[in-house]
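S.K.: show me how the following folds:
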Amino acid sequence: MAPRAVAREQLAGAARAALGGGRRLEAVERVAGGSKKGVYRLVMDDATTAIAYLWDAAENYWPAAEGDDDLTDPFSPGLGLDLFEAAHARLDALGLRVPAIRLVDRDGAHHPAGLAIVEDLPGENLEELLARDPSAAAPVMARLGEALEAMRGYRASTYGKVAVVDGGGTSRGTSCEGVVLDRALRDLAEAASRDPRIAAARDRLEERLLGLAAAVRPRTEYAVVHRELGPDHVLVDADKNPVAIDLEGLMYFDVEWEHVFLRIRLHDAYRPLEVDGLDEDRLALYMLAQRLSLTAGPLRLLDGDFPNRAFMASIAEYNLKKALDLVHA
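M.R.: Below is the predicted model:
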């Protein structure tokens, strides 16, 4: 999708302010993958590049839903410049490699929506590197494990979005597992309304969710969790360092949530990231919850005009079958 002409002109001014040096914006290229914000590569006339993030409603492919703007819900959409800045600051303080910020425009000086311009890392992401050469990915995976250890080692006394908690706020619900259960039941209802196979197994899935949640013991400390740390959200810099992107969903939460997502996305490649001491009861609950989320979410996204429809439908189908396997075994 080509950026609108007005957006290109506004990005030209922001690019000059961010990169300076008398440079002129030569091209604007939409970066594939963004579904909640616009992600554009800015190419200057001297070949200098940067990435622009636009939190504009016109760039969000997700159909609006009740509660989207409720930041006290840890799982509400991670949208906006405030969430990005808070997450970036937290990860940077923990020593993680994140794209350097070149410009932040929260006052509409260059664009009416929230805008940030960050460092461009134009090489492979971790997903592409693992597919091309797993051995070359080994040092990146090792450093990703170190980054996850730093995130796991941080302790917060309350859960929720980093921007909310660090700003002194509190989140809805009484526990991580309670928030996950409520969300999973909503995802189950939504998936059941869209697919007859889930509808037929709905009672068994609900019973399984309730049983798994009942087995989880209380917890009072939480770690830093990216929330969607798939290999496509990890870029690789020239020194083979993993660089985390799509940061807005960062939260203080059960570390098991992160590891379930990593297991789902990485399959056998997850092994270098395995750690001892994870709560098996939480892992079991969060695995079923994420399978349901990865079924209902893509089906919901397909209600809109998301362009890569076959890919999104395949995600829903794969996770639907995996969810059913968890109650048919």
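S.K.: list phi and psi for Glu119.
M.R.: phi -50, psi 140 (degrees, to the nearest 10).
S.K.: actually Val104, not the one I wrote
M.R.: With angles defined as degrees, to the nearest 10, Val104 sits at phi -130, psi 130.
S.K.: what separates it from Met44, distance-wise?
M.R.: 19 Å (C-beta to C-beta, to the nearest Å). (Glycine included, C-beta is placed from N, CA and C.)
S.K.: spatially nearest residue to His111, not counting backbone neighbours?
M.R.: Nearest non-adjacent residue to His111, counting by C-beta to C-beta, 6 or more residues apart in numbering: Gln10, 4.6 Å away.
S.K.: now Thr170. Nearest residue, chain neighbours left out?
M.R.: Closest to Thr170 by C-beta to C-beta, 6+ apart is Thr158, at 6.3 Å.
S.K.: what about that neighbour, how many neighbours?
M.R.: Neighbours of Thr158 under the rule other C-beta atoms under 10 Å: 13.
S.K.: Arg204 falls within a strand, correct?
M.R.: No - counting by DSSP: H, G, I helix; E, B strand; the rest coil, Arg204 is not part of a strand but helix.
S.K.: so where's this protein uncertain?
M.R.: 1-7, 33, 329 (pLDDT under 70).
S.K.: quick one: the helices in this protein?
M.R.: 5-19, 81-93, 126-132, 134-153, 162-166, 176-194, 196-200, 202-214, 255-266, 280-301, 309-328 (DSSP state H).
S.K.: generate CSV for these, with distance to Val118 and mean neighbour count as supplementary columns.
M.R.: Putting the helices of the chain into CSV (distance: least, C-beta to C-beta, whole Å; neighbours: other C-beta atoms under 10 Å) gives the following:
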stretch, distance to Val118, mean neighbour count
helix 5-19, 9, 18
helix 81-93, 9, 20
helix 126-132, 18, 17
helix 134-153, 18, 17
helix 162-166, 17, 21
helix 176-194, 30, 21
helix 196-200, 39, 15
helix 202-214, 38, 16
helix 255-266, 23, 21
helix 280-301, 25, 22
helix 309-328, 25, 16
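S.K.: which one of these lies closest to Thr220?
M.R.: Closest to Thr220 of those, according to C-beta to C-beta: helix 176-194, at 10.6 Å.
S.K.: and the residue nearest to His111, how far from Val28?
M.R.: Distance from Gln10 to Val28, by C-beta to C-beta: 10 Å.
S.K.: also Leu273?
M.R.: 36 Å.
S.K.: contacts only, for the closest residue to Ala147 other than its chain neighbours.
M.R.: Using C-beta to C-beta, 6+ apart and skipping residues adjacent in sequence, the residue nearest Ala147 is Leu96, 5.0 Å away. Contact analysis of Leu96 by C-beta atoms under 8 Å, 6 or more residues apart in numbering lists Ala147, Ala150, Met151, Ala244.
S.K.: and stretch 109-129, what's buried?
M.R.: For stretch 109-129, the neighbour count (16 or more other C-beta atoms under 10 Å) marks 110-111, 113-118, 120-121, 124-127, 129 as buried.
S.K.: neighbours of Lys36, just the number please.
M.R.: 17.
S.K.: and for Gly169?
M.R.: By other C-beta under 10 Å, neighbour count at Gly169 equals 13.
S.K.: would you mind splitting this structure into its domains for me?
M.R.: 5-119, 126-328 (automatic domain parsing).
S.K.: and Arg106, what are its phi and psi?
M.R.: Dihedral angles (degrees, to the nearest 10) for Arg106: phi -100, psi -10.
S.K.: residues contacting it?
M.R.: Leu81, Gly114.
S.K.: distance of it from Pro112?
M.R.: The value you get for Arg106 to Pro112, if C-beta to C-beta is used, is 11 Å.
S.K.: repeat for Met312
M.R.: 29 Å.
S.K.: Ala27 too?
M.R.: 22 Å.
S.K.: ok, and the closest non-adjacent residue to the spatially most central residue of the chain?
M.R.: The residue lying closest to the centre of the chain (C-alpha atoms, centre = their mean) is Glu228, at 3.5 Å. If you skip the residues right next to it in sequence, Glu228 has Gly249 as its closest partner in space, 5.8 Å away by C-beta to C-beta, 6+ apart.
S.K.: my guess is that neighbour contacts Ser76. True?
M.R.: No - in this structure, Gly249 is not within contact of Ser76 by C-beta atoms under 8 Å, at 9.3 Å.
S.K.: the more surrounded of these two?
M.R.: Using other C-beta under 10 Å as the criterion, Gly249 and Ser76 rank with Gly249 on top: 22 against 18.
S.K.: wait, what's in contact with Glu26?
M.R.: Val43, Met44, Asp45.
S.K.: ends of stretch 264-281, how far apart?
M.R.: When the termini of stretch 264-281 are compared using C-alpha to C-alpha, to the nearest Å, they are 17 Å apart.
S.K.: much appreciated, bye for now.
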